[in-house]
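Asker: A structural model of the following input is requested.
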Amino acid sequence: MSSIWVGIDSTSDGTRVLATAGPTETILKARLSATVHHPRAVAALLEALAMWQGQPVRAAVVVDGPGGSSATRLCLDSWDFGGPPLYTLEFVHGRKRRHRDRLDGVGRFHDLRQLLLFEVAR
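Answerer: A predicted model of the protein is given here:
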């Protein structure tokens, strides 16, 4: 069964989310606030994507990036990772961004697409 790939990168400026169906088909791009306002926000987002698309979600959250801890901003530092079978979540080390891209609406998300290809798809 195929799965939805989700990359989440949170900095002090905001949180970017990229979801793809396989390596090339983008199904969701979002720029959200830097900090979630409910401890289950990330889990609810991943569960909703899995239920909407009818496929499990494989997600990766970038950690140790610029601007502080992503896990703390996203309320993931005390999260139970037993998790439902609708999604899996991994923490991955951030990669240095080549450039900032804010020209095309919410941006190209090239770095998160690369993260999905190299971390989630393995």
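Asker: from here on, contacts and neighbour counts on C-alpha atoms
Answerer: Fine.
Asker: So which helix or strand of this protein has the lowest pLDDT on average?
Answerer: Here the helix or strand of the chain ranked lowest by mean pLDDT, DSSP states H and E is helix 70-73, holding a mean of 69.
Asker: pLDDT wise, what is Asp104 at?
Answerer: On pLDDT, Asp104 comes in at 48.
Asker: And for Pro84?
Answerer: Pro84 carries a pLDDT score of 60 in this model.
Asker: Likewise for Leu45?
Answerer: Reported pLDDT at Leu45 in the predicted model: 96.
Asker: now do Ala19
Answerer: On the pLDDT scale, Ala19 is placed at 95.
Asker: do the same with Thr15
Answerer: Note on Thr15: pLDDT of 93.
Asker: Quick check: which element contains it?
Answerer: Thr15 belongs to strand 14-21 when assigned by DSSP states H and E.
Asker: Can you list the strands that that strand pairs with?
Answerer: Paired with strand 14-21 in the same sheet, following DSSP bridges, are strand 4-11 (antiparallel), strand 25-32 (antiparallel).
Asker: Just the buried residues of the next helix or strand after the least confident helix or strand of the chain, please?
Answerer: Under the assignment DSSP H and E, the closest C-terminal helix or strand after helix 70-73 is strand 87-93. By 16 or more other Cα atoms under 10 Å, the buried positions in strand 87-93 come out as 87-89, 91-92.
Asker: list the helices and strands the very next helix or strand once past strand 87-93 packs on?
Answerer: Sequence-wise, the next helix or strand downstream of strand 87-93 (DSSP H and E) is helix 110-115. Identification of packing neighbours for helix 110-115 by 3 or more Cα pairs under 8 Å, 6 or more residues apart in numbering; DSSP states H and E yields strand 4-11.
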